[in-house]
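Asker: My questions concern the predicted model and sequence given below.
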Amino acid sequence: MAITIQRPNLTLKEKMYFPAILGGLATTIRHAFRMLTGKTHVAMQYPEEKWDSHLPAYYRGAPALVKDEHGRERCVACQLCEFICPPRAIKITPGEIPEGDKFRKVEKYPEAFDIDMIRCIYCGLCEEVCPEAAIFLQKDYAITGESRGEMVHHKEKLYELGGLKTGLVHKWNDKK
Amino acid sequence: MDWTFTFISLAKILGVIFVIVLPLVSYTVYAERRISAIIQDRVGPNRTGFPLTVLGFKKDLVLPLGGLGQPIADAMKFILKEDFTPASVNKFYYWLAPCLAMAPAMLTIAVVPFGSTLFGVPMVIANVNIGVLFVFAIASLGVYGIVLAGWSSNSKYPFLGGVRSTSQMISYELSLGLSIIPLFLVMGELNLTKIVEYQIAHGWTIIPFSNLPNFLPGLFDHRAHHVMAYVNWRQILLWVPMFISFVVFTISIFAETNRLPFDLPEAETELVAGYHTEYSSMKFALFFLGEYAAMITGCSIIVTLFLGGWYVPFIPDGTHGWVWGLVNIAVFFGKVSALLLFFIWIRWTLPRFRYDQLMRLGWIYLFEIALVNVILTAGILAIPQSWFS
C-alpha cells in the first residue's frame, strides 16, 4: 500500500524562493566579510605560527639528557630507563669514570647513549624512572630526519637538546 | 582572400583564447576555491607560489595574495597523471566527449563583442548578424559532451548523470531562448555588436537612463527644467519586462552551465561524480575547465545583452585612442568577473534542487513567465507614442 506523505503547505513567500535566497546570500557574505576582516578564528598557519608558545608545562616532547651547574653529566648509566622503555628505544653503553676524576666516586658514565626517535613513544617513563634526574622530556615535537640513521639521537644531540639544568638535587657533592 | 583580415582575426582569436579566456578559466577555479573557503570560514589554497628557484632564479616569487600559483600546479598535476581508459568504454565517444565539452564554450566567445575598437579594429572575432542564434546553436552542443560521456562510459552513475543533464538542458533552453525575445522586440537586432550600440544610445537594458553622457549637453543648458524631456516613459515601462527577462535568463544560464543550485548531472552525493566518473587526468580536466569556460561564456552573454557590454557611462570608446580601447576590454571582462563572483557566491549559498523541483521550476514557472513577458513587452510596444507625451 502506498504511503502518502503530507507535504508542508508553503506560504507564498516560501514558494517564491527569492526571500530565502537573499537571506542565504546575506549569511554567506557575512561569513566572508568576517573572514576577510580577520574576525573568524581559523586554524594555526603552521610553519609561520608554531605551537611552542601554546604548549602546557607538562607537555611531553623529545627526551634529552641534561648537565648540571658543575658541568657534570648527570646520567650515571644505571640503565633503568633502558629497561623501562616500552618500545626499547634507548640503548646505553656504560663506561667507567677514570681514576683521578673529580667525580670518580660516581663510578659510571654513559659512553654512548642512543635514543631511536622512530621508536620513542614520548611516554615519559624514562624521566619518571631516572634516579639521578638526568633525562627530561623537552618540548621539541618536530623531530625530523631524512634517514633512519638521522632519527637516532646520539649523546651529543641529547645534551644539545637538554642543555644545562639548574636547581636539581646534588647527590654527588664532596661533602656527601 | 584578404590576408590582413585573416591575420587580424587570428591575432584576435589567439589573444582572446590564450591571453584572456583560458587564464580567466583557471583563475575562476582558484577564485572558486578561495571564496568557498572564506564563506565556509576556512583559509583555502594560500601556499602555492611561483617556484622560480626551480628554473634557476635566485629567489621564489612571493605575492601578497598567496596561492596564485595554484592553477599552474593543478595543470601540472593533471598533465602528469595517468590517463586511464577503462576497458568497457566505447573508445571513440569516450575520447570525443571531453572535446565536445570544451569546444562549444570556446566557440561561443567568437560572436561576443568584448571591447569597442583597438587601432580601429572592432574587438569582436566574428561580427555576424545572427549573433544570439549562433550562441544558442553552439552552446546547446555542450550537452552532447555530457551525454556522450555518460553513455560511452558504460557505467550506471555516469549514465544517470548524462540522462539528467539532457532533460535539464532541454527544459531550460526553452526559457533561455524565450526570455530574451522581449529584448529583440525592443531592439530589433540579433547582432550582438548592434545590441551593445543600442545600449550605448539608450542605456543598459536593466538600468534605464545609464546613457547619461548623451543627455549631458542638454542637462546643463538654460532649459534645465526640461530634464523630463529626456526621460522616456516608454523606457521606464519597458524596464519591467527587461528586468524579468534578465532574471529568467540568468537563472536559465545557471541551469545551462550546470551550476548549483542546478548541478544535478554531477550531484556528488547521489551520482559519485556524475558524467565524468570514469574520466581521469587531462580528460577530466577538460570537463572541469569546459564547465568554467561555459560559465564565462554565459556571463559574457549576460553582460552583452543586459549589462551594457563594454560600455559604462563617461568612458569613451576606442575611437578616442587605444588606451580607451584597452579600458573598454578591461571593463567588459571586469563585468564578466563580477558576474562570475556572483555565480560562485550563489553556489556556496544554495543547496541543490530536487529533481522534480528542478523540472517544475523550468516547465511551470520560468517557461510561463518568459511567455507572458513576451506578450507584456509586445503590449507596451503597441502603445502609441502619442500617449506618453
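Answerer: Good, I have the coordinates.
Asker: In three-state terms, how would the residue nearest the centre of chain A be classified?
Answerer: With distances taken as Cα atoms, centre = their mean, the residue of chain A nearest its centroid is residue A:61 (2.6 Å). With DSSP: H, G, I helix; E, B strand; the rest coil as the basis, residue A:61 sits in coil.
Asker: need the contact list for it.
Answerer: Neighbour list for residue A:61: A:55, A:122, A:137-141 [criterion: Cβ atoms under 8 Å, 6 or more residues apart in numbering or on different chains]. For every residue, glycine as well, the C-beta is placed using N, CA and C.
Asker: Can you pick out the most distant pair from the residues you listed?
Answerer: Longest distance between any two of the contacts of residue A:61 is 12.8 Å, between A:55 and A:122; criterion Cβ to Cβ.
Asker: Just give the nearest non-adjacent residue to the residue in the stretch 51-200 of chain B that chain A sits nearest to, would you?
Answerer: With Cβ to the nearest Cβ as the measure, residue B:66 is the residue of the stretch 51-200 of chain B nearest to chain A, at 9.9 Å. Take residue B:66 and drop its neighbours on the chain: the residue closest to it by Cβ to Cβ, 6 or more residues apart in numbering or on different chains is residue B:46, 3.8 Å away.
Asker: quick one: the one you found and residue A:48, what's the gap?
Answerer: 11 Å (Cβ to Cβ, to the nearest Å).
Asker: Who has more neighbours out of those two?
Answerer: The residue with more neighbours, out of residue B:46 and residue A:48, is residue B:46; 15 against 6, by other Cβ atoms under 10 Å in any protein chain shown.
Asker: could you list every residue that touches that one?
Answerer: Contacts of residue B:46 by Cβ under 8 Å, 6+ apart are B:34, B:66-67.
Asker: and it, which of the three is it?
Answerer: coil.
Asker: Report pLDDT for it.
Answerer: Residue B:46 carries a pLDDT value of 81.
Asker: any idea how far it lies from residue B:33?
Answerer: Going from residue B:46 to residue B:33 by Cβ to Cβ gives 10 Å.
Asker: Just give me the neighbour total for residue 55.
Answerer: Defaulting to chain A. Residue A:55, neighbours per other Cβ under 10 Å, totals 13.
Asker: look at chain B instead
Answerer: Other residues near residue B:55 number 7, with proximity taken as other Cβ under 10 Å.
Asker: what are the C-alpha coordinates of the longest strand seen in chain A, in PDB please?
Answerer: Counting residues, the longest strand in chain A under DSSP state E turns out to be strand A:108-116. Only the C-alpha atoms of strand A:108-116 are listed here, as PDB (Å, rounded to 0.1, in the frame of the first residue of the first chain):
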ATOM      1  CA  LYS A 108      79.900   5.000  35.800                       C
ATOM      2  CA  TYR A 109      79.000   7.300  32.900                       C
ATOM      3  CA  PRO A 110      77.300   6.600  29.600                       C
ATOM      4  CA  GLU A 111      79.900   6.000  26.900                       C
ATOM      5  CA  ALA A 112      77.100   6.000  24.300                       C
ATOM      6  CA  PHE A 113      73.500   7.000  24.800                       C
ATOM      7  CA  ASP A 114      71.300   6.500  21.800                       C
ATOM      8  CA  ILE A 115      67.500   7.100  21.600                       C
ATOM      9  CA  ASP A 116      65.900   5.900  18.500                       C
END
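Asker: Could you name the helices and strands sitting against that strand?
Answerer: strand A:90-96, strand A:152-153, helix A:155-162 (3 or more Cβ pairs under 8 Å, 6 or more residues apart in numbering or on different chains; DSSP states H and E).
Asker: Including mean neighbour count and distance to chain B, could those go into JSON lines?
Answerer: Listed next are the helices and strands packed on strand A:108-116 as JSON lines, based on neighbours: other Cβ atoms under 10 Å in any protein chain shown; distance: least, Cβ to the nearest Cβ, whole Å:
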{"stretch": "strand A:90-96", "mean neighbour count": "16", "distance to chain B": "38"}
{"stretch": "strand A:152-153", "mean neighbour count": "21", "distance to chain B": "31"}
{"stretch": "helix A:155-162", "mean neighbour count": "17", "distance to chain B": "30"}
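Asker: Chain B contacts on chain A?
Answerer: A:21, A:24-25, A:27-29, A:31-32, A:34-36, A:40, A:42-43, A:45 (Cβ under 8 Å from any Cβ of the partner chain).
Asker: at 7 Å what do you get?
Answerer: Residues of chain A lying close to chain B (Cβ under 7 Å from any Cβ of the partner chain) are A:21, A:24-25, A:28, A:31-32, A:35-36, A:40, A:42.
Asker: Many thanks, we can stop here.
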